[in-house]
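Novice: Build me a model from this:
(2 chains, ligands or ions: 1)
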Amino acid sequence: MKPPPFDYLAADCVEAAVQALAGAGGDGKLIAGGQSLMPMLNFRLLRPSILIDINRIPDLAYIRDDGNEICIGPLARHRMLETSDVIARQFPVLHEAMGYVAHLAIRNRGTIGGSLSHADPAAELPMMSLLLDACLVVQSLSGRRTITARDFFLGALTTALEEGDMLVEVRLPKLPKGTGWAFEEVARRSGDFALASVAVIIGSDGDRISDLRIGMMGIGETPMRALDAERILTGQRYSEATVTAAVEAIRAAVEPNTDLHASAEYRRHLVGVLAQQALARAWARLREATQ
Amino acid sequence: MTEALPKSATASREAEELATRPKIVGASVKRTEDPRLLTGKGAYVDDRKVPGMLHVAFRRSDHSHALIKAIDCGAARDADGVVAVFTAEDMREVNAVFATSRMKNYYATPITGLAIGKVRYVGEPVVGVIAQSRYLAEDALELVDITYEPLPVVIDPEEAAKPSSALLHEEANTNVLCSREFKTGDAEAAIASAAVRVSGRFRFHRKTPTAMENRTYLAEYEPGRDELTLYTSSQVPGIIRDALSDAFDMPGSQLRVVAPDVGGGFGGKASLYPEEIFVAFAARRLGRAVKWTSDRMEDLAATSQGFDQIVNAELALDAEGNAIALRAEVIGDVGAYSIYPWTAVIEPVQVVSFLPGPYKIANYLGRVRGIATSKPPTGPYRGVGRPTSTFVTERLMDMAAQRLGMDPITLRLRNMIQPDEFPHRIGSGIIWDQCAFTECLNAACGKADYQELRARQAEARAAGRWFGIGVACYAELTGIGSRISVAPGMPINTGTETAKIAIDSTGAVTAAFGVTAMGQGLETTLAQVVAEHLGGRVEDIRVIQGDSAAVPNATGSYASRSAVLAGGAATLAAQEVKEKIIRAASHLLEAASEDLVVEDGKVSVVGTDRTLTFRQLARAVYLEMGRIPADKREELTSTKTYDPVFGTSATAAHLAVVEINPDTYEIKLERFVVAEDCGRLINPMIVDGQVHGGVAQGIGAALYEEVVYNDEGQNVTASLVDYVIPTATEVPLIDVVHIEAESVTTLNGFRGMGEGGTIGAPAAVANAVADAVAPLGIDILELPISPERLFRLIESSKNHKDSSHGHET
Ligand SMILES: Cc1cc2nc3c(=O)[nH]c(=O)nc-3n(C[C@H](O)[C@H](O)[C@H](O)COP(=O)(O)OP(=O)(O)OC[C@H]3O[C@@H](n4cnc5c(N)ncnc54)[C@H](O)[C@@H]3O)c2cc1C
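Specialist: Residues are numbered from 1 along each chain as shown, chains lettered A, B, ... in the order given. This is a model prediction of the structure:
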């Protein structure tokens, strides 16, 4: 379990990193927290010719309130998000989800940029970026562009990032005050990747459901929104019958994988249970906040 | 015994005992090794670095079963930093080692450093590359070109047992490496006529020990003397020394095997490994120090694995709930080789041997077969066979209780061997000396408040919650002596241990043993025993262990033996040294021996201030000639070997409380209680720690850990992401009650207790889960029980009841 030989560059600015990435012609890899990349190197699943270390680039680990958006630097560690007051205030659902990301030692190293770029289908941050309608800012030699989270995750460990791209910022549009939320997850052990997880944010228009977003993961190749269920519930009064219909729509829509830890059937069962719990909890929080 | 004494005399004797007791033995002395181990100052094999040291990486088989047609090492030999590349061809002068045994119907497979002609599991070492660094060795590995001719994969033990199966060892003519039968009475007839019968096909899946420190070996060689020292993370340096002596035809005087600090073993470091043979061979061949440090991937691929048994068992009872017969057929999937020295059947044979457990069952029929498959060898794993036997018997007891409508505790107490019925021979031939079966079960139920738990369960069930209570009772043989150790007919003696105690000319006490601590605190407990019997201070006693050069014959630490055997030897040797101290002091202090006390590293004349420290005494004995007449001068040393001849037992009752989420099927352990009897406690804190650790591993076995081989013989749980072990968050608080019924068959009344936690916990957890889901009509027959397995059991029972019913919402 030793990596194959590689060259190493500690980049001192984003420009140098993307320059080196372009220079490697698709054979280079950025390294951030190393929590996903190092195991892959040690298993010799990857053989980059050069590792470009972005950890010493100054000013990439920030969480900033930009008025309408919260902007997060790619080197913000999981632990920084978990303990950030800004995040806890603006996105309590993200704050809660961060506690489920791996173990403390890994959260101390792992970064938001690394997690999104790695795109594990059962990782919390990709699902959160989808739920929170994140915009991902990407930089390459040809400049900067923005990709929405919806267009970013293409498959398991596959993203819209191109060869010379570095993720340089994550922007999360703020949610209206009093938004209801919930995060539910089942994993084998605390800190493990999710077998299934559901997150909900919900608003109301009088006594009717509005601005509903349901995010799911662990049940497919990428994190997903439960669009059918969102449609069924939006504009309705909250009731057991509509929730049951939404849960059935979710179970019908997902096509989970079978792996060592859970079968497709069990995951399908779980995602329904978690959706029901998350909807109930999010609705209750919303009522509490708006009363 | 107490009856002969008047009541007041008994009482005053108890008071006296209490007053004199836990000063040293019996006290929760803080572990003397902890400051070293907990501050990163331990010295493990991998910490040892010697000049010019080379590093090994193994090219391991990626086939489950295949012929090796050709190996091309040319490119690897030319690679950067490579010093040598060896195949089995290069090791021809090394003798194969065999785990021989006098058992009938047993075939011993050869154990060699590298595979010869054929590979029999994925991960078997085929080529060893030796280079200046591990990185360069791994780079060169990729250049080795091996041509294989695949043979049929042998994965299912029941298929493998059939005559039509492909053979792993053609010379054996069968894959059944061993078969045995144990019989008392007529189980078949008793079962046929019984009022109540419960049965099942029980499955305990394969497990791996996962010690925190992976196996690591460093061989150092002195060409001028042809002397080889192997530093090994082993539990059994004595056994390894003797085996290497056979492999290399070298006398023990030129071979030293040292286990320095060892980071966990759990049985996985209690056998001889191909990599040990290879590293020793390579160092001698190259005249250089050679090190191999296993990575976690290799550990999961090639360290001896545990369990993996199928048990078809049936228990018969009369209408009142008295057990009358037990019949069992055990199939052990033992993997590709018969591990040295324990043999392939150590686990499955123990399963049939211990199945009758703590119960009076007049008729027993147990059959066992150990079947070779193309997977890594199984070997001893903490608890050895008894986690499975306890799982089966204790599940059967609960199934019977349910059938009879009896409380499971009442049923057990009725069938247990009662305190006045010892010694008792169970159907497999094992004799329980004196076991605290009923005492432990009652104590565990008392501590957990069993009645209250049942009341809570009734409330929980009424509210639709799944709440379960499970118990498991067992006994094990521990600290076995030479008479029992010969029974399996292995070529080693596990029945004795030696202690060598010396006070040197500075007055320092050194106590050397052949046992090996791998984290269990032996340095402290053995120092406590020595201090107690010598009159020394615990902190002054330097314990040497894990070194084959320390005593002439030793094996190591396994089978819950070290406290009993090394503790016994320590007692005998310390007593003799103390006698010598007294004789010398009697001269020096001009006092009668009866007037001398040895305590806290000093000898004093009672009632006076005349005292000699060990240092003063030692100087007088060794240096200040003339103070003791020459013919009275004795070296302050003693070497003693202790053999408990038969050995003893140890007993416990485990009680688990679980709550299962009826929607997600997550299983949460709420509480765990252990009432255990390990005889006289040497250090209650260490005993608690051993119980906690053992229970944690048992919880792993019950709920999480499973090594999975697919149909191609590939290990699909090849990292700790997929091989799931419990962490602190999955282990509840564990209450431990000590019964402390001193053994009458061992010196000091000690019983062994290193393994017990792992024996009772899987069965207790299985019973608690089964109890929680009992209203659904589900039995738990397979471990580990994961949420996924529970989901499938529940779904299939639902489909059974209502075939039109789909998924629950
Ligand atoms: C035992 C264990 C358990 C874990 N459990 C969880 C869990 O439960 N949930 C979870 O979400 N995660 C989990 N993780 C993963 C962890 O969160 C990782 O930290 C994260 O997935 C990757 O972040 P990183 O900064 O370590 O990235 P790295 O490992 O450094 O990089 C990962 C990939 O992203 C690329 N990359 C990194 N930064 C950028 C960038 N700025 N732009 C473009 N590409 C980039 C790298 O080139 C590489 O391909 C676990 C990890 C471990 C080891």
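Novice: what's the longest helix in the chain?
Specialist: I'll assume chain A. As assigned by DSSP state H, the longest helix anywhere in chain A is helix A:264-290.
Novice: wrong one, I was asking about chain B
Specialist: What stands out as the longest helix in chain B, according to DSSP H, is helix B:562-588.
Novice: average model confidence for that helix?
Specialist: In this model, helix B:562-588 carries a mean pLDDT of 96.
Novice: and that helix, what does it pack onto?
Specialist: Where contact means 3 or more C-beta pairs under 8 Å, 6 or more residues apart in numbering or on different chains; DSSP states H and E, helix B:562-588 is packed against strand B:497-503, strand B:509-513, helix B:522-534, strand B:596-599, strand B:602-605, helix B:614-622, strand B:637-642. No exception for glycine: its C-beta is placed from N, CA and C like everyone else's.
Novice: try 7 Å
Specialist: With contacts taken as 3 or more C-beta pairs under 7 Å, 6 or more residues apart in numbering or on different chains; DSSP states H and E, helix B:562-588 sits against strand B:497-503, helix B:522-534, strand B:596-599, strand B:602-605, helix B:614-622, strand B:637-642.
Novice: Pull up the pairing partners for the fourth one, direction included.
Specialist: Note on strand B:602-605: by DSSP bridges, its sheet partners are strand B:596-599 (antiparallel), strand B:611-613 (antiparallel).
Novice: mind putting the ones you listed in CSV, distance to residue A:238 included?
Specialist: Output for these, formatted as CSV (distance: least, C-beta to C-beta, whole Å):
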stretch, distance to residue A:238
strand B:596-599, 77
strand B:611-613, 82
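Novice: okay, residue B:483: pLDDT?
Specialist: For residue B:483, the model assigns a pLDDT of 86.
Novice: do the same with the one 5 residues further on
Specialist: The per-residue pLDDT reported for residue B:488 equals 74.
Novice: Please give me every residue in contact with it.
Specialist: B:101, B:103 (C-beta atoms under 7 Å, 6 or more residues apart in numbering or on different chains).
Novice: which SS class is the closest residue to residue B:248 other than its chain neighbours?
Specialist: Excluding its sequence neighbours, the residue lying closest to residue B:248 (C-beta to C-beta, 6 or more residues apart in numbering or on different chains) is residue B:94, at 6.5 Å. Look at residue B:94: counting by DSSP: H, G, I helix; E, B strand; the rest coil, its state is coil.
Novice: Settle this for me: residue B:94 is touching residue B:244, isn't it.
Specialist: No - with contacts counted by C-beta atoms under 7 Å, residue B:94 stays clear of residue B:244, the gap being 9.5 Å.
Novice: Looking at the two, which one has more neighbours?
Specialist: Using other C-beta atoms under 10 Å in any protein chain shown as the criterion, residue B:94 and residue B:244 rank with residue B:244 on top: 26 against 22.
Novice: hang on, the earlier thing: any chance of the helices and strands packed on helix B:562-588 in JSON lines, with mean neighbour count, mean pLDDT and distance to residue B:141 too?
Specialist: As requested, the helices and strands packed on helix B:562-588 are exported to JSON lines (neighbours: other C-beta atoms under 10 Å in any protein chain shown; pLDDT from 0 to 100; distance: least, C-beta to C-beta, whole Å):
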{"stretch": "strand B:497-503", "mean neighbour count": "25", "mean pLDDT": "97", "distance to residue B:141": "41"}
{"stretch": "helix B:522-534", "mean neighbour count": "26", "mean pLDDT": "97", "distance to residue B:141": "38"}
{"stretch": "strand B:596-599", "mean neighbour count": "18", "mean pLDDT": "96", "distance to residue B:141": "59"}
{"stretch": "strand B:602-605", "mean neighbour count": "21", "mean pLDDT": "97", "distance to residue B:141": "60"}
{"stretch": "helix B:614-622", "mean neighbour count": "20", "mean pLDDT": "97", "distance to residue B:141": "55"}
{"stretch": "strand B:637-642", "mean neighbour count": "19", "mean pLDDT": "97", "distance to residue B:141": "46"}
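Novice: I appreciate the help and will end here.
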